[in-house]
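Undergrad: model the following, please.
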Amino acid sequence: YDGAKDTIKTMLRTGIQPDEYTMTTFMGVMKSSRMLRKLWKAGTHHFNIQMTPTVVTAYITELGRVGDVRTACQTFDVIHSNDVFSKKVQIWNALLNVFAKSNSSVPICILAHERGRKIVAHDNAIAAERLLQ
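TA: Numbering: from 1, shown residues only. Below is the predicted model of the structure:
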């Protein structure tokens, strides 16, 4: 983490703006959900990085890696309402990957916009199964 952070600082000092590749790569060294959320905010607000399907997929995937199922689902809910993102299988796959990797017992809440129903389950396998029904 520290090496990546120092590299970003050096980039900024020399006038090189981070781009979507920088952001998705840097996500991989974040150690917590809090750090990922701060990076997301910095990328979108301070560096004007466009939230492309690639960036969103990486963010959801990394939230799953650090065990933050709830934020991954909330992000998916917001992103899924945008037609550009809702048709991208990569984003759906990232969410399914979050379920597959999580042993969390927190309630899962997904808004399936195209079917107009809300899926709530206390088990990730059940949530994924209900999503596919």
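
Undergrad: point to the residue nearest the middle of this structure.
TA: residue 60 (2.0 Å; Cα atoms, centre = their mean).

Undergrad: residues contacting that one?
TA: 72, 75, 76, 91, 94, 95, 98 (Cβ atoms under 8 Å, 6 or more residues apart in numbering). The C-beta positions use only the backbone N, C-alpha and C, and glycine is treated the same way.

Undergrad: which ones among the residues you listed are found in strands?
TA: Per DSSP state E, strands hold no members of the contacts of residue 60.

Undergrad: so, low pLDDT: which residues of the protein?
TA: 103-133 (pLDDT under 70).

Undergrad: can you pull out the helices in it?
TA: 2-13, 20-27, 33-41, 53-65, 69-80, 83-86, 89-101, 124-132 (DSSP state H).

Undergrad: select, out of those, the one closest to residue 47.
TA: Residue 47 lies closest to helix 20-27 among these, at 7.7 Å (Cβ to Cβ).
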